[in-house]
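Undergrad: what's the 3D shape of this:
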Amino acid sequence: MEIQAVIEGIKAAKKLNPNAPITIITDSKYVVNTMTKNWSRKANKDLWKELDDIIDGRDIKYEWVKGHSTNKGNQRADELANMGVDGSQVMDFQQSSLLTIKSEPTPIINEEYKEPESSHQSDTFDNISTEEKSPFISIDELPSDPEFDINILMEQQRKTELVAPIALELLKVEDQRNSPTRHFQGKYITIDYDGYHLTIKNNQDDSIKMKARFVGVDPATRKTQWLSELPENSPGLTDADVQKWTSASVKNYIKQKIVEQEVQKRLSLAK
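TA: Sure, this is the predicted structure:
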């Protein structure tokens, strides 16, 4: 296991010289990307925690090299690993500037070694061989891009579910036309329903605060259900927006308008 090898290597390096800088040179992309690019740690959580504990805030560099290549450090690591025989022995750190624990792929703890300038071996990911096998990682363990983070997306959906039903009722009492579409323009906001989407626009900068599509009625609560379809680069609803829309003053205003309109309708029918 490459993670355990790195743990044991760091322990040995710190024992030899507690304050010396440490560079991990390894042909394991799994280790490098997890430590430098925050890859998911859903698997091997106990080993990752042990590694974090042994690092304890120390600045450690991580470099990737192609396995079984012309990289002298990687070749030396293979030699030392083979000398370990059963994969559990650690070579005396004082025998070499390199220390390794036999594993697959083989990591290297290096405090002195640097790749010679004359070498043609590239340490960048651009030249990774397509034939090299990476460690198996489930798709569920791969981190989501922040743009598609489900927690961020569902936060706007949650706010839409709270605001859309109230905005719909306000639009109904403010625009009583016998029309499948409605429009209301206030001092600060504009509300529109075009037969597909319910939209709230900020009049000050024309930004879209909410755009929601009706998807049905909850049979248990009889509340309308809305799906957020906010356009790209739109600010969306804030916590302050939700607090204002769901306030007692807004709801009481809508209720009062509903009652007033019903009373006027009955008076008109009575005449």
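Undergrad: Can you give me the domain boundaries for this protein?
TA: Following automatic domain parsing, one gets these domains for the chain: 2-114+135-140, 147-270.
Undergrad: and the shortest one, how far apart are its ends?
TA: Looking back up the chat, that one is domain 2-114+135-140. Distance across domain 2-114+135-140, first residue to last, is 21 Å (C-alpha to C-alpha, to the nearest Å).
Undergrad: which helix in the protein runs the most residues?
TA: Longest helix of the chain, by residue count under DSSP state H: helix 150-174.
Undergrad: Report the contact partners of the closest residue to residue 137 other than its chain neighbours.
TA: Nearest residue to residue 137, sequence neighbours excluded (C-beta to C-beta, 6 or more residues apart in numbering): residue 30, at 7.3 Å. Just so you know, the C-beta spots here come from the backbone N, C-alpha and C atoms, and that holds for glycine as well. Residue 30 is in contact with 2, 39, 134-135, 137, counting by C-beta atoms under 8 Å, 6 or more residues apart in numbering.
Undergrad: Residue 30 and residue 3, how far apart?
TA: 8 Å (C-beta to C-beta, to the nearest Å).
Undergrad: Name the nearest of the contacts of residue 30 relative to residue 177.
TA: residue 39 (55.9 Å; C-beta to C-beta).
Undergrad: Which phi and psi values does the closest one adopt?
TA: The phi/psi pair for residue 39 (degrees, to the nearest 10) reads phi -60, psi 160.
Undergrad: how about residue 146, what does it touch?
TA: residue 152.
Undergrad: Distance of it relative to residue 190?
TA: 31 Å.
Undergrad: Same check on residue 265?
TA: Between residue 265 and residue 190 the distance is 26 Å, computed by C-beta to C-beta.
Undergrad: Look at those two and report which has more neighbours.
TA: Between residue 265 and residue 190, counting by other C-beta atoms under 10 Å, residue 190 is the more crowded of the two (15 against 11).
Undergrad: what separates the helix or strand where the more buried one lies from the chain centre, distance-wise?
TA: Residue 190 belongs to strand 189-193 when assigned by DSSP states H and E. Centroid separation for strand 189-193 versus its chain: 32 Å, with C-alpha atoms, centre = their mean, to the nearest Å.
Undergrad: how many other residues sit next to residue 164?
TA: Residue 164 has 25 nearby residues by other C-beta under 10 Å.
Undergrad: what's the nearest residue to it if we skip its chain neighbours?
TA: Distances taken as C-beta to C-beta, 6+ apart place residue 226 nearest to residue 164, at 3.9 Å, with adjacent residues excluded.
Undergrad: Could you do residue 187 as well?
TA: residue 203 is the one closest to residue 187 (C-beta to C-beta, 6+ apart), at 7.2 Å.
Undergrad: Would you enumerate the residues in contact with the one you found?
TA: Residue 203 touches 185-190, counting by C-beta under 8 Å, 6+ apart.
Undergrad: rewinding a little: report the angle between the axes of the longest helix of the chain and strand 189-193?
TA: 90 degrees (axes from the mean of the first three to the mean of the last three C-alpha atoms, to 10 degrees).
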